[in-house]
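Participant: Provide a 3D model corresponding to the input given below.
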Amino acid sequence: MVGLWSAPLGQAFVFGILIGAVVPFLFASSTIAATAKGAFDMVNEVRRQFKANPRILEGSDKPDYDKCIDISTKTALRRMLLPTVVTLVSPLLVGLLLGPHALGGMLLGGTCTAALLASFFTFGGALWDNTKKSIEAKAFWLKGSPTHTAAVVGDTVGDPLKDVAGPSLNIFMKLTNMTALLIAPLLLSIPPIIELL
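Facilitator: Below you'll find the predicted structure:
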């Protein structure tokens, strides 16, 4: 499609692989940070409602559910802007700056790294989540012990990994490749801005 019949292992290709290997980590860290920020905002709102109206804890008054939903939605939309920009702009920048060979390297490095990272996040997060459940169900005498405390921390970390970061990396892989396919005709018509061997 872009008129390249071979991909020599030159500097542009290697730089593309290195850039592609780093981008999934940037994407994953920003999705995890977005999840944490949303959770903290939600906890602060629930605490505020409990302080403002103690009868909520007694069950006599209803909490303001709409405010919590509003916070969750706005935080998710606002904080997921950076991962979206990273996904859509990185192939464009690499392709325009370094050329199609670097873009091919970036896709290779990004897809390989993101696939491994997504598997680690999904399986590791589920493992940490299920460890706490297993301790609480089968080893009930460990409740309150350092082992149980570590399992609770692992569950707290594992949930965003398995529910947010792991699945979103699959979308990252698809979107970077689709973006590269869309800009491929453009790369034929203009030379790279930075010429590498």
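Participant: okay, CA-based contacts and neighbour counts for the rest of this
Facilitator: Noted.
Participant: Tell me where the chain has helices.
Facilitator: 11-52, 55-58, 65-79, 81-98, 100-138, 146-160, 166-189 (DSSP state H).
Participant: The residue nearest the centre of the chain and residue 165: what is the separation?
Facilitator: For the chain, the residue sitting closest to the mean C-alpha position, by C-alpha atoms, centre = their mean, is residue 28 at 3.0 Å. The gap separating residue 28 from residue 165 is 6 Å, by C-alpha to C-alpha, to the nearest Å.
Participant: Farthest out from the centre of the protein, which residue is that? Tell me.
Facilitator: residue 60 (39.9 Å).
Participant: Can you read off the pLDDT for that residue?
Facilitator: pLDDT recorded at residue 60 is 87.
Participant: now residue 96
Facilitator: At residue 96, pLDDT is 93.
Participant: Would you enumerate the residues in contact with it?
Facilitator: 187, 191-193 (C-alpha atoms under 8 Å, 6 or more residues apart in numbering).
Participant: cool, residue 83 as well?
Facilitator: Shown in contact with residue 83 (C-alpha under 8 Å, 6+ apart): 27-28, 30-31.
Participant: Quick check: the gap between the residue nearest to the centre of the chain and residue 80.
Facilitator: To residue 80, residue 28 is 11 Å away according to C-alpha to C-alpha.
Participant: ok, now residue 86?
Facilitator: 10 Å.
Participant: quick one: low-confidence parts of the protein?
Facilitator: 1-8, 196-197 (pLDDT under 70).
Participant: Just list the residues touching the residue nearest to residue 177 when sequence neighbours are not counted, thanks.
Facilitator: Of all residues not flanking residue 177 in the chain, residue 107 sits nearest, at 6.7 Å (C-alpha to C-alpha, 6 or more residues apart in numbering). Counting by C-alpha under 8 Å, 6+ apart, residue 107 touches 16-17, 20, 91, 176-177.
Participant: Tell me the one among those residues nearest to residue 142.
Facilitator: For the contacts of residue 107, the minimum distance to residue 142 (C-alpha to C-alpha) is 43.5 Å, reached by residue 20.
Participant: Identify the residues contacting that closest one.
Facilitator: Counting by C-alpha under 8 Å, 6+ apart, residue 20 makes contact with 105-111, 113.
Participant: What's the local residue count around residue 78?
Facilitator: Using other C-alpha atoms under 10 Å, residue 78 has 11 other residues around it.
Participant: neighbours around residue 52, how many?
Facilitator: 10.
Participant: what's the distance between the residue nearest to the centre of the chain and residue 14?
Facilitator: Applying C-alpha to C-alpha to residue 28 and residue 14 gives a distance of 22 Å.
Participant: ok, now residue 144?
Facilitator: For residue 144, the distance to residue 14 - C-alpha to C-alpha - is 50 Å.
Participant: quick one: which of those two has more around it?
Facilitator: residue 14 (18 against 9).
Participant: hang on, isn't the more buried one packed against residue 98?
Facilitator: No. Counting by C-alpha atoms under 8 Å, residue 14 does not reach residue 98; the two are 10.9 Å apart.
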